[in-house]
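[1] Need a 3D model of the sequence below.
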Amino acid sequence: MATDEYLLTWVGESGIPAMRFYAWDREAVSFGYFQAYSDIASWTPIRPLVRRPTGGGLVSHVEDWTYSVAIPNTHDWYKLKACESYCRIHRWLNQALNQLEIPSTLTENAILTGPGQCFMGAEKNDILLNGFKIAGAAQRRTRDGLLIQGSVQIPKQTTKDYQPAWETAMQEIGSESHNIQWIHSVLNDQSKQGIFQLSKKKFEAETFLKRR
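    Residues are numbered from 1 along each chain as shown. Coordinates of the predicted model:
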């Protein structure tokens, strides 16, 4: 979470958009910035619980694919309304899944089952597979830019390990459809130190975790 928030500040300074693919080293649950900790703690036995810098609902990170996109405030994407931005990232993601012959589709209308839990029901322009939601995202807009955090949850019965191929497909479609010229980069020591400090002071602090 600290890395994603750090990237949001970085793109504001550099003017360069960034996409990050990552995984979790243990089972965990992330939840939206505006959600109440007590609600989340009662809804799931999974620990640890992590408050995101973005909105949205509870997301279980057990075997999902996670990613983030940070857009600077000078980019056309930043100017889109929240619903338009949500649709854009999920159209991109859905194209990548379809390229791997995963027959996912975008929802045309919301499927309401209960508040607060991201993968129960679906919002408009979420991604479905066989009638069930498999991808959702949350957003946060600041003066620096726009941060999108997303999760893809492919059913276990899908036996092939599609994740590396999906990441490649995301990059290919980004180049073809959005004219992106990719630059693969790693964090330098200064960035790592900044992320470490942000993690300790904010995302690992009880005052932030249980702020609501």
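[2] contacting residues around residue 106?
    With Cβ atoms under 8 Å, 6 or more residues apart in numbering as the criterion, the residues that contact residue 106 are 87, 90, 91, 94, 125, 126, 127, 128. C-beta: built from backbone N, CA, C; applies to glycine.
[3] Which of those residues fall within helices?
    Among the contacts of residue 106, the members falling in helices are 87, 90, 91, 94 (criterion: DSSP state H).
[4] Grab the nearest non-local neighbour of the third one.
    I take that to be residue 91. Nearest in space to residue 91, with sequence neighbours left out and distances taken as Cβ to Cβ, 6 or more residues apart in numbering, is residue 106 at 6.8 Å.
[5] Touching, residue 55 and residue 138? I think so.
    Yes. Taking Cβ atoms under 8 Å as the definition, residue 55 is a contact partner of residue 138 at 5.0 Å.
[6] phi, psi of residue 164?
    The phi and psi values for residue 164, taken as degrees, to the nearest 10, are phi -60, psi -40.
[7] and residue 190, how many neighbours does it have?
    If you count neighbours by other Cβ atoms under 10 Å, residue 190 ends up with 8.
[8] quick one, what contacts it?
    Contact analysis of residue 190 by Cβ under 8 Å, 6+ apart lists nothing.
[9] shaky segments in the chain?
    With pLDDT under 70 as the threshold, the chain has low-confidence stretches at 112-121, 157-160.
[10] let's see 90
    Scanning the chain for pLDDT under 90 picks out 23, 62-63, 108-124, 131, 154-163, 178, 185, 211-212.
[11] any chance you could map the helices in it?
    Under DSSP H, the chain gives helices at 2-14, 37-43, 82-99, 163-178, 189-198, 206-209.
[12] of those helices, which approaches residue 72 most closely?
    Distances from residue 72 to each of the helices of the chain were compared using Cβ to Cβ; the shortest belongs to helix 2-14, at 4.3 Å.
[13] Most tightly packed of the helices of the chain?
    Highest mean neighbour count of the helices of the chain: helix 2-14, a mean of 19 (counted as mean count of other Cβ atoms under 10 Å).
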